[in-house]
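> sequence plus predicted model, see below.
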Amino acid sequence: MLEEAGHATTVPNPPDRQATRREMTEQPPRERPATSPERANPHRSRARSREVHPFGVVAGEAPGEPTGRGSDRPGLDSRRLGRGGSRTSLLLAPVPHVTGMMTAMSTPAPSSPPASPSGPTPALADPLPQPHGRPWRNRFALAPLTNTQSHADGTLSDDERRWLVARGTGGFGLVMTAAAYVAPAGQAWGGQLGIASDAHLSGLTALADELRATGATSSVQLHHGGRRADPRLTGRPNQCPWDDPEKDAVAMSTGEVEAMVEDFVAAAVRAERAGFDGVQLHGAHGYLLGQFLDARHNHRTDGYGGDLDGRVRPLLDVVEGVRAATGPDFQLGVRLTPEGTGISLEEGVETARRLLDSDLLDHLDMSLWDVFMRPRTGADGLLIEHFARLPRRRTALGVAGGVVSAADARWCLEQGADFVTVGIGAILHHDFAARALGDPDFRVRERPVSREDLRAESVGEAFLDYLAAGWDDLVA
Ligand SMILES: Cc1cc2nc3c(=O)[nH]c(=O)nc-3n(C[C@H](O)[C@H](O)[C@H](O)COP(=O)(O)O)c2cc1C
């Protein structure tokens, strides 16, 4: 039951969810190791993998691991706003941004970084000021999208460069690369981009140059697979915070944790040398930084586990290390999972609060998989509200998941986000951002889409095969 009497006079009508209702029934894309043909795709759709928890990385077990727990999950529709349903009814705690404005496109730009979750709703076209470096030109960020197009040694391919540069010319304010491994031991799938050595620099430098010419701000997502790396690619046993025989992973020593922190910092420095505006730390979806956050398993006693202070420490050490090692204009972001993979919503919110309170980040991107979703744990309201209401000092807050129209994106800003991260929509349209900025009624095309049409969107052959293998409904 979604509709209840409520605050209908204080919130806008929801954007038309007709097309996006389809998203509700789909398995969120998944990042998983390529340990078998079935697992060769780090991201999966529900259509191909119905045995897997349909909330995927949002909901519970480590992503990529079939849980067979379909029966204990909350009903997807009952946890998400439905078309025609009043979003208002779900706003059980007032959110300052929710002011009933569907006029966001014409709201004046804020003159300073979005320092608090209160104030006027920005327009999608408003530049997003950054504490470090140049502002983003608008509120659209390209989601990190693994596309398996890199060369076997992790160097950038022409197809991957074309894919990303097209999103820059397509109007995105921020163009983020796919998850790039920071150390050879962290590689999690074939065709993954690398930023683990100076051998990766030349392709990255060319990419940064081209992205800058498009007017987009550029960033590299820094990643380590941890227990979900692929030993067939790395040639060594996986490492993670705890001994994990199931994954053939061994617990890292304290020295190895410190070395891992250094690997992230060195990769950030490399991104800066290549000319990127910044990096984003992949702390989401149950990869290494997220594995440290896992309260179920990370019982380390060396200061990098146990209570939340210990579990969050590797992430904070990387944040502080990157800040110390990079220049004053270098932008640093973090991506987090709100709940699931051993993280309760309460701890997800607390981790976000600490990061925002540190004032060291330029952005925090919450990977919600579905921006319209309620918490799976039965907590009040919508997931997005739990993060949008946090004080954020100078850090911009982004949200990702199921944004397929200009109206969806406006709605996210109205809930208190500062920017909107777009994945599938940006695969379907290289110029999703430009279209949504130019047409308030813009909505993505119907799927499936022919290979030819996706090629015209600068989706290369390896990416096409990868999408076709993992998403039944995407590639015709
Ligand atoms: C093909 C594909 C690859 C992805 N690769 C990554 C990745 O490398 N890093 C990451 O943090 N999330 C990754 N994701 C998740 C997306 O960044 C995004 O959060 C998710 O798709 C939800 O947004 P959307 O509904 O707009 O696609 C991937 C998703 C897809 C569909």
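Looks like it came in fine.
> in contact with residue 353, which residues?
By CB atoms under 8 Å, 6 or more residues apart in numbering, the contact set of residue 353 is 390, 391. Where you see a C-beta, it was placed from the backbone N, CA and C, and this is true even at glycine.
> buried residues in the helix or strand harbouring it?
Following DSSP states H and E, one finds residue 353 within helix 345-358. Buried residues in helix 345-358, counted by 16 or more other CB atoms under 10 Å: 345, 347, 348, 349, 351, 352, 355, 356.
> ramachandran angles for the closest residue to the first one other than its chain neighbours?
Same thing as residue 345. Sequence neighbours aside, residue 339 is the residue nearest to residue 345 in space, at 4.2 Å (criterion: CB to CB, 6 or more residues apart in numbering). Main-chain torsions, residue 339, degrees, to the nearest 10: phi -160, psi 160.
> and for residue 383?
Per degrees, to the nearest 10, the backbone of residue 383 is at phi -50, psi -50.
> wait, it sits on residue 340?
No - checked against CB atoms under 8 Å, the pair residue 383 and residue 340 is beyond contact range at 10.8 Å.
> how about the residues of this structure near the ligand?
Neighbours of the ligand within the chain, by CB under 6 Å from any ligand atom: 29, 31, 43, 143-146, 178-179, 221, 282, 284-285, 335, 367, 369, 400-403, 422-425.
> ok, the residue nearest to residue 308 when sequence neighbours are not counted to residue 298 distance?
Distances taken as CB to CB, 6+ apart place residue 347 nearest to residue 308, at 5.8 Å, with adjacent residues excluded. Using CB to CB, to the nearest Å, we find residue 347 at a distance of 12 Å from residue 298.
> ok, now residue 243?
Going from residue 243 to residue 298 by CB to CB gives 11 Å.
> doesn't residue 218 lie inside a strand?
Yes - according to DSSP: H, G, I helix; E, B strand; the rest coil, the state of residue 218 is that of a strand.
> near it, how many other residues are there?
Residue 218 has 28 neighbouring residues, counting by other CB atoms under 10 Å.
> what about the residue nearest to it when sequence neighbours are not counted, how many residues close to it?
Nearest residue to residue 218 in three dimensions, chain neighbours excluded: residue 211, at 4.0 Å (CB to CB, 6+ apart). Residue 211: 26 surrounding residues under other CB under 10 Å.
> so residue 149 touches residue 459, yeah?
No - the pair residue 149 and residue 459 does not pass the contact test of CB under 8 Å, sitting 9.3 Å apart.
> which neighbours do those two have in common?
Counting by CB under 8 Å, 6+ apart, the residues touching both residue 149 and residue 459 are residue 163.
> where does this structure get nearest to the ligand, which residue?
residue 423 (2.4 Å; CB to the nearest ligand atom).
> that residue: what's it in contact with?
Neighbour list for residue 423: 29, 143, 145, 400, 401 [criterion: CB under 8 Å, 6+ apart].
> I figured the third one hits residue 427, correct?
Read it as residue 145. Yes - the pair residue 145 and residue 427 qualifies as a contact (CB under 8 Å) at a distance of 6.9 Å.
> between these two, who's got more neighbours?
residue 427 (28 against 22).
> doesn't residue 459 make contact with that one?
Yes - between residue 427 and residue 459 there is a contact under CB under 8 Å: 6.3 Å.
> any shared contact partners between the two?
Taking CB under 8 Å, 6+ apart as the criterion, residue 427 and residue 459 both touch residue 467.
> buried residues in stretch 282-299?
Buried residues in stretch 282-299 (16+ other CB under 10 Å): 282-295, 297-298.
> er, stretch 144-161 I mean
Result for stretch 144-161 [16+ other CB under 10 Å]: buried residues 144-150, 154-157, 159-161.
> just the CA trace of it, in CSV.
Taking C-alpha atoms only, stretch 144-161 is exported to CSV below (Å, rounded to 0.1, in the frame of the first residue of the first chain):
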residue,chain,number,x,y,z
PRO,A,144,30.8,4.4,-13.8
LEU,A,145,30.0,1.7,-16.4
THR,A,146,32.2,-1.3,-16.8
ASN,A,147,32.3,-2.0,-20.5
THR,A,148,35.1,-4.6,-20.8
GLN,A,149,36.6,-2.8,-23.7
SER,A,150,40.1,-2.2,-22.3
HIS,A,151,43.1,-4.2,-23.6
ALA,A,152,44.2,-7.3,-21.8
ASP,A,153,46.9,-5.3,-20.0
GLY,A,154,44.4,-2.7,-18.8
THR,A,155,45.4,0.0,-21.2
LEU,A,156,42.6,2.0,-22.7
SER,A,157,41.3,1.0,-26.1
ASP,A,158,40.0,3.3,-28.9
ASP,A,159,36.5,1.9,-28.4
GLU,A,160,36.6,2.8,-24.7
ARG,A,161,37.9,6.2,-25.4
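> any low-confidence regions in the stretch 51-200 of the chain?
Residue ranges of the stretch 51-200 of the chain with pLDDT under 70: 51-118.
> sorry, back to before: against residue 472, how distant is the residue nearest to residue 345?
Taken as CB to CB, the span from residue 339 to residue 472 is 27 Å.
> now do the helices in the stretch 201-350 of the chain.
Under the criterion DSSP state H, counting those that start in this stretch, the stretch 201-350 of the chain contains helices at 201-214, 231-234, 254-274, 288-292, 308-325, 345-358.
> picking that back up, in helices, which of the residues of the chain next to the ligand fall?
Those of the residues of the chain next to the ligand mapping onto helices are 424, 425, per DSSP state H.
> out of the residues of the chain next to the ligand, which are inside strands?
Among these, the ones falling in strands (DSSP state E) are 178, 179, 221, 282, 335, 367, 400, 422.
> in this protein, which residue is most central in space?
In the chain, the residue lying closest to the centroid (CA atoms, centre = their mean) is residue 367, at 4.4 Å.
> return the backbone torsion pair for the residue nearest to that one when sequence neighbours are not counted.
Residue nearest to residue 367 in three dimensions, not counting chain neighbours: residue 284, with 4.4 Å by CB to CB, 6+ apart. Main-chain dihedrals, residue 284, degrees, to the nearest 10: phi -110, psi 180.
> residue 284 contacts residue 340, correct?
No - under the criterion of CB under 8 Å, residue 284 makes no contact with residue 340, lying 9.8 Å away.
> roughly how far apart are residue 418 and residue 428?
Using CB to CB, residue 418 is found at 24 Å from residue 428.
> pull out the buried positions in the helix or strand harbouring residue 410.
In this assignment (DSSP H and E), residue 410 forms part of helix 406-415. Using 16+ other CB under 10 Å as the test for burial, helix 406-415 gives 406, 407, 408, 409, 410, 411, 412, 413, 414, 415.
> want to throw those residues into CSV with pLDDT and distance to residue 132?
Output for the buried residues of helix 406-415, formatted as CSV (pLDDT from 0 to 100; distance: CB to CB, whole Å):
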residue, pLDDT, distance to residue 132
406, 98, 29
407, 98, 32
408, 98, 29
409, 98, 25
410, 98, 27
411, 98, 29
412, 98, 23
413, 98, 22
414, 98, 27
415, 98, 26
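> against residue 201, how distant is the nearest residue to residue 263 once chain neighbours are set aside?
Nearest residue to residue 263 in three dimensions, chain neighbours excluded: residue 183, at 4.2 Å (CB to CB, 6+ apart). Using CB to CB, residue 183 is found at 16 Å from residue 201.
> so for these two, which sits in the more crowded spot?
Neighbour count, other CB under 10 Å: between residue 183 and residue 201, residue 183 has more, with 24 against 18.
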